[in-house]
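Novice: Just to be clear, the model below is a prediction. Sequence and coordinates:
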Amino acid sequence: MKHYNIPIFISHFGCPNACVFCNQKKINGRETDVTIEDLKETIETYLETLPKNSKKEVAFFGGTFTGISFDLQRQYLETVHEYIKKGLVDGIRLSTRPDCINKEIVEQLKKYGVTSVELGVQSLDEKVLKATARYYPAEVVAEACSLLKEYNIELGIQLMIGLPQSTFESDSFTAEKALKMNPDTARIYPTLVIKGTKMEEMFKDGEYKALSIEEAVARTRKIYSLLESSGVNVIRVGLQPSEDLREEGVVLGGPFHPAFRELVETEIYYNFFKTIADREKKLDIRANERNISRLVGIKKANRERLKEYFNIKIDNSIGKNEVIVNDRIYSRLDILRKEINEPDSN
């Protein structure tokens, strides 16, 4: 059954922190910009067009949902829960900060049908957390994760690559430590310098050096491989290329690319194929047609770089997560594990 999100974008004007990478608005006297009437109207509009025989969840994006007042959280959740009781909506998804989770909040989330919570973990290196003005120790993240798992709410984590004071090692450390918290899903975001943030000042003053696309891909591909090979569903790699981000002057620095995940996949397969080509001096590849594009690489980069050996044919008898190279079968897991075990190039 196909899954659809009904997106509700809630800005949290009352967020207690001003993280250096965030340009969240601050409006005195207002918690957020979505009324209950707005919420109902959005749900009704989506329900008119989404297929009847599909899974539908209301997804609160864009802010720290559990950082708004407990009563306003309840009002939003009660409103959506009416649609759940009628069988029109299947659940609720939301994102929040790890330090805005406690037992009372989680009990309310569970009561009203919340199925998934994504935590903006970002980093588990306390030096990085301090440099980004996220004032909580790593233990707070572990406690929040444990509480959500205790209530059988799907746990998602969001990681940021290339934050101030981060290194290749600290980003890898964060991923390894986050894995121990048993997440179900993950998103990996390379850090961008966005206009109107504290990081804009740091960037212009030379206090912060943004990663290049090549550096961001190098950091991300090992983390991505580690998470996926450990059974975590990596649901996004790189920021959604929204109209706001595409506007001139919004992204001032950093590795913004509309197909960042494809760049990462391309390098994972390039490294895999190059090792075989260097050893065996040939690359006779067979794969399912659904897998061809990521093997060839974005803009056919792998075919071009390995063109002396690169020979690929479609064979739909091969599984989507398998590839045959020089008559040997390799699974997706084989390829990811090879990437993890490769010496760091940074």
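Specialist: Ah, there it is.
Novice: Just the pLDDT at residue 42, thanks.
Specialist: With respect to pLDDT, residue 42 scores 96.
Novice: and it, how far is that from residue 147?
Specialist: Taking Cβ to Cβ, to the nearest Å as the measure, residue 42 and residue 147 are separated by 29 Å. Every C-beta, even on glycine, is put in place using the N, C-alpha and C of the backbone.
Novice: and if you look at residue 163?
Specialist: Applying Cβ to Cβ, one obtains 25 Å for the distance of residue 163 from residue 147.
Novice: In terms of neighbours, single out the busier of the two.
Specialist: Using other Cβ atoms under 10 Å as the criterion, residue 163 and residue 147 rank with residue 163 on top: 27 against 18.
Novice: for the protein, where's the lowest mean pLDDT among helices and strands?
Specialist: Confidence across the helices and strands of the chain bottoms out at helix 243-246, with a mean of 58, counting by mean pLDDT, DSSP states H and E.
Novice: Adjacent strands (with direction) for whichever helix or strand comes after that one?
Specialist: Beyond helix 243-246 in the direction of the C-terminus, DSSP states H and E gives the next helix or strand as strand 251-253. Taking DSSP bridges as the criterion, strand 251-253 sits next to strand 193-194 (antiparallel) in its sheet.
Novice: how distant is the partner strand from the center of its chain?
Specialist: Its chain's C-alpha centre and that of strand 193-194 lie 18 Å apart, by Cα atoms, centre = their mean, to the nearest Å.
Novice: Identify the residues contacting it?
Specialist: With contacts defined as Cβ atoms under 8 Å, 6 or more residues apart in numbering, strand 193-194 is touched by 21, 23, 199-200, 203, 208, 210, 250-254.
Novice: In PyMOL, how would I select the buried members of those residues?
Specialist: Restricted to buried positions by 16 or more other Cβ atoms under 10 Å, the PyMOL selection for these reads:
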select buried, resi 21+199+200+203+208+210+250+251+252+253+254
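Novice: now the contacts of strand 193-194 as a markdown table including distance to residue 279?
Specialist: Converted to a markdown table, the contacts of strand 193-194 look like this (distance: Cβ to Cβ, whole Å):
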| residue | distance to residue 279 |
| --- | --- |
| 21 | 42 |
| 23 | 49 |
| 199 | 44 |
| 200 | 47 |
| 203 | 43 |
| 208 | 41 |
| 210 | 36 |
| 250 | 45 |
| 251 | 41 |
| 252 | 43 |
| 253 | 39 |
| 254 | 36 |
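Novice: which one of the contacts of strand 193-194 is nearest residue 228?
Specialist: residue 254 (23.6 Å; Cβ to Cβ).
Novice: any idea of the mean pLDDT for stretch 73-80?
Specialist: Taken as a whole, stretch 73-80 carries a mean pLDDT of 97.
Novice: ok, now stretch 114-129?
Specialist: With pLDDT averaged residue by residue, stretch 114-129 scores 93.
Novice: Give me the below-cutoff pLDDT ranges for the stretch 51-200 of the chain.
Specialist: Counting by pLDDT under 70, the stretch 51-200 of the chain shows no low-confidence range.
Novice: which one in this protein is furthest away from the centre?
Specialist: The outermost residue of the chain, judged against the average C-alpha position, is residue 281 (37.2 Å), by Cα atoms, centre = their mean.
Novice: distance of residue 98 from residue 65?
Specialist: According to Cβ to Cβ, residue 98 and residue 65 sit 13 Å apart.
Novice: higher neighbour count, these two?
Specialist: residue 65 (28 against 24).
Novice: Identify the residue nearest that one in space, chain neighbours excluded?
Specialist: Using Cβ to Cβ, 6 or more residues apart in numbering and skipping the chain neighbours, the partner closest in space to residue 65 is residue 94 (4.3 Å).
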